[in-house]
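Q: Below are the sequence and a predicted model; questions follow.
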Amino acid sequence: MASKPRTERRFRGVIMPTGSHPAIRKVKRQGAEPSIHGNKLWKSSCLLIDYLQKNPPEHCQRVLDVGCGWGVSGIWCARTFNSRVTSMDADPDVFPYLQATAELNGVQTEPLVSRFEKLTTRQLSQYDMLIAADICFWDELVKPVTNMVNRAVKAGVKQILIADPERSPFFEIAERCADKHCAEVVEWSTRSPIKASGAIMVLENA
């Protein structure tokens with residue numbers, strides 16, 4: 001007898017639905033089809049969550065989760081720290097998936113459709129912490145992501161964390177942020193219940 005497909009995984013207290021979860025299947029039936037890699041949960045979110053659990057941030061009342069996809073990192077912050085979270089993605093079609101994931105976790109986040117380069121210093125000044133996972137997948141993203149970090153620092157965002165499975169655009173961004181803002185890169189991995197490895201750029205601006 002074939003085993004039933006797994007409908008969800010749990011990681012550090014957050015529920016992460018799979019594509020076969022009834023709530024996700026319902027969203028799919030309604031026709032939402034993410035385009036910019038926002039079609040599943042990415043493991044770098046686990047790196048970010050694990051790092052934040054072991055290094056609880058001092059400033060996390062208002063969190064911006066950029067390139068959020070299904071939004072699990074921000075959802076975890078809302079659950080764990082009671083943060084007010086804005087989930088930002090360039091693709092409006094990810095938000096029904098994010099909404100379903102947030103509802104499974106008993107929280108809600110504020111959706112924002114925007115691209116990295118459109119985030120203004122004034123908008124960024126509303127947040128204490130900026131988080132991101134798996135946003136550095138193309139060389140063309142190096143400049144807009146780096147410039148977004150520059151504006152976030154100028155806006156007074158106190159902590160910026162970007163997790164990645166160690167792609168070359170990520171290291172280029174981290175190097176530029178190290179030169180300009182003394183950001184550091186921390187190697188990070190998790191074993192259980194989800195195995196993930198990569199690096200996190202940590203920028204303290206408090």
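A: Received it, and whenever you're ready, just let me know what you need. Residues are numbered from 1 along each chain as shown.
Q: Do I have it right that residue 62 meets residue 127?
A: Yes - when contacts are counted by Cβ atoms under 8 Å, residue 62 is listed as touching residue 127 (4.8 Å). For the C-beta atoms, the positions are set from N, CA and C on the backbone; glycine is no exception.
Q: Looking at those two, which is more packed in?
A: More neighbours surround residue 127 than the other of residue 62 and residue 127, with 28 against 15 (other Cβ atoms under 10 Å).
Q: in this protein, which ranges drop under the pLDDT threshold?
A: 1-5, 34-41 (pLDDT under 70).
Q: got the residue ranges for the strands in it?
A: For the chain, the strands defined by DSSP state E occupy 8-11, 14-17, 62-66, 84-89, 110-113, 129-133, 159-164, 184-190, 196-204.
Q: Pull out the buried positions in the third one.
A: Burial within strand 62-66, assessed by neighbour count using 16 or more other Cβ atoms under 10 Å, is assigned to 63-66.
Q: repeat for the longest one
A: Residues of strand 196-204 classed as buried: 196, 198-203 (neighbour count, 16+ other Cβ under 10 Å).
Q: what would the strands of the chain look like in TSV with distance to residue 28?
A: Below are the strands of the chain laid out as TSV (distance: least, Cβ to Cβ, whole Å):
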stretch	distance to residue 28
strand 8-11	15
strand 14-17	12
strand 62-66	22
strand 84-89	17
strand 110-113	18
strand 129-133	22
strand 159-164	27
strand 184-190	28
strand 196-204	25
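Q: so which of these is the most packed in?
A: Sort the strands of the chain by mean neighbour count, taking mean count of other Cβ atoms under 10 Å, and strand 129-133 sits at the top with a mean of 28.
Q: contacting residues around the residue nearest the centre of the chain?
A: Relative to the mean C-alpha position of the chain, the nearest C-alpha, by Cα atoms, centre = their mean, is the one of residue 132, at 3.7 Å. The contact partners of residue 132, by Cβ atoms under 8 Å, 6 or more residues apart in numbering, come to 65-67, 145, 161-163.
Q: One more: residue 201?
A: Taking Cβ under 8 Å, 6+ apart, we find residue 201 in contact with 160-164, 170, 173-174, 177, 183-186.
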